[in-house]
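Colleague: Whatever this is, show me its structure:
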Amino acid sequence: MPEQAMSDEEAVLAANAEFYRAFAARDLAAMEALWAAEAPVACIHPGWDALIGREAVMESWAAILGGPGAPQIRCEAPRAFVLGPGAFVICREVLEAGRLIATNVFAREEGHWRMVHHQAGPASQARPAPPASERPPGPLH
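Modeller: Down below sits the predicted model:
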């Protein structure tokens, strides 16, 4: 389905799926096409310091996707949140070594959703949220 025929949420989820397809296929050209070319970008790979700017981010993807140890990855349980011209997806990344939790941020660029930020890190075992009656009152932070 063309992006114009999709809801914003569907289009963001499609862009997110394309990110994981490019990652799993080690497709650097598709990865480069998915990241924003005009908006500022950043990326925080698990265990890495923050990478700022398209050049640094794309160099990191070239190293990861071109390396012999590039992880096999699968996205699970993506949820999209659209905020006008921006959106983010939270999801789990499933790898041989375990699970990570990720946030992928997108912005509209030339009519398409393009990635502007990716961050993934260790996740605890997935478990359901406690019932409202068992949650502490007030904010946690």
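Colleague: those strands in the chain, which residues are they?
Modeller: Along the chain, the stretches classed as strands by DSSP state E are 42-44, 51-52, 73-83, 86-95, 98-109, 112-122.
Colleague: strand partners of the first one, parallel vs antiparallel please.
Modeller: Read it as strand 42-44. Next to strand 42-44 in the sheet, as set by DSSP bridges, lie strand 51-52 (antiparallel), strand 112-122 (parallel).
Colleague: Now do the contacts for the closest residue to G98 other than its chain neighbours.
Modeller: Of all residues not flanking G98 in the chain, P122 sits nearest, at 7.6 Å (C-beta to C-beta, 6 or more residues apart in numbering). Bear in mind the C-beta positions are built from the backbone N, C-alpha and C, glycine included. By C-beta atoms under 8 Å, 6 or more residues apart in numbering, P122 lies in contact with P46, G98, L100, I101.
Colleague: Any chance of JSON lines for those residues, columns distance to A77, neighbour count and pLDDT?
Modeller: Compiled in JSON lines, these are given as follows (distance: C-beta to C-beta, whole Å; neighbours: other C-beta atoms under 10 Å; pLDDT from 0 to 100):
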{"residue": "P46", "distance to A77": "18", "neighbour count": "13", "pLDDT": "91"}
{"residue": "G98", "distance to A77": "15", "neighbour count": "10", "pLDDT": "88"}
{"residue": "L100", "distance to A77": "12", "neighbour count": "19", "pLDDT": "94"}
{"residue": "I101", "distance to A77": "10", "neighbour count": "16", "pLDDT": "96"}
